[in-house]
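# Need a 3D model of the sequence below.
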Amino acid sequence: MSDARAVCKDKEMNDHVAGKVVPVFLRSAIEAVATDHIRSVRLGRGAHHVDVEAALDRADGLRARLSLALFDADDRHQDVGDEIKRVSGCRDANTTVALVNKGSHGTSIADYKDLVDSTDALCGALDRAWS
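Model (predicted):
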C-alpha cells in the first residue's frame, strides 16, 4: 500500500502511467492478505508447507487466489464477488477487486487514488475477518 500511496503523491508522475502502476501494487496487497489467510488455515489444519505452496502456485491470478482464500478452492471465480463482500463487509469489495484486476492487466484506471483507499479498506476488513 505504501508504494501505491507514494505513486499517488508523486507530482511528476503522469496520471495515465500512475493509473496503470498503482493497480499492480494494489493487486499485490490483496493477494498478500489472501495468501496469509490461506497459509494460516491450511498450515493450521496440518498441511505440509510444500502442499500449501503448490496450491498457491496453482491459484494463478487474483480471483483464483481470492477463491482459494474464500472457499478453499481455486476454481470458484464466479462466486468471489458476493462472498468477498459478505466476508469483508465492504459494499464496494467486488468493484474494488474488478478495478484492481483490470488495472493490473494494463488498463489505466482514472480514479486510481480512490482505488487506493478502497483497496486499503478491503485489505484491512479481510485481515480483521480472517484473524
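
# Against which helices or strands is the lengthiest helix in the chain packed?
In the chain, ranked by residue count with DSSP state H as the criterion, the top helix is helix 15-44. Packing partners of helix 15-44 (3 or more Cβ pairs under 8 Å, 6 or more residues apart in numbering; DSSP states H and E): helix 2-9, helix 49-58, helix 62-71, helix 93-104, helix 112-129. Using the backbone N, CA and C atoms, a C-beta is placed for each residue, glycine as well.

# Report pLDDT for the spatially most central residue of the chain.
The centroid of the chain falls nearest to residue 30 when counting by Cα atoms, centre = their mean (2.2 Å). Looking at residue 30, its pLDDT stands at 98.

# So residue 52 is in contact with residue 37, correct?
No. Residue 52 is beyond contact range of residue 37, at 11.5 Å (criterion: Cβ atoms under 8 Å).

# Could you check which of those two is surrounded by more residues?
residue 37 (21 against 18; other Cβ atoms under 10 Å).

# Just list the residues touching the more buried one, thanks.
When contacts are counted by Cβ atoms under 8 Å, 6 or more residues apart in numbering, residue 37 is found next to 69, 126, 130.

# where does the chain have low pLDDT?
By pLDDT under 70, the chain has no low-scoring segment.

# need the contact list for the residue nearest to residue 89 when sequence neighbours are not counted.
In this structure, residue 89 finds its nearest non-sequential neighbour in residue 125, 5.7 Å apart by Cβ to Cβ, 6 or more residues apart in numbering. For residue 125, the contacting residues are 88-90, 93, by Cβ under 8 Å, 6+ apart.
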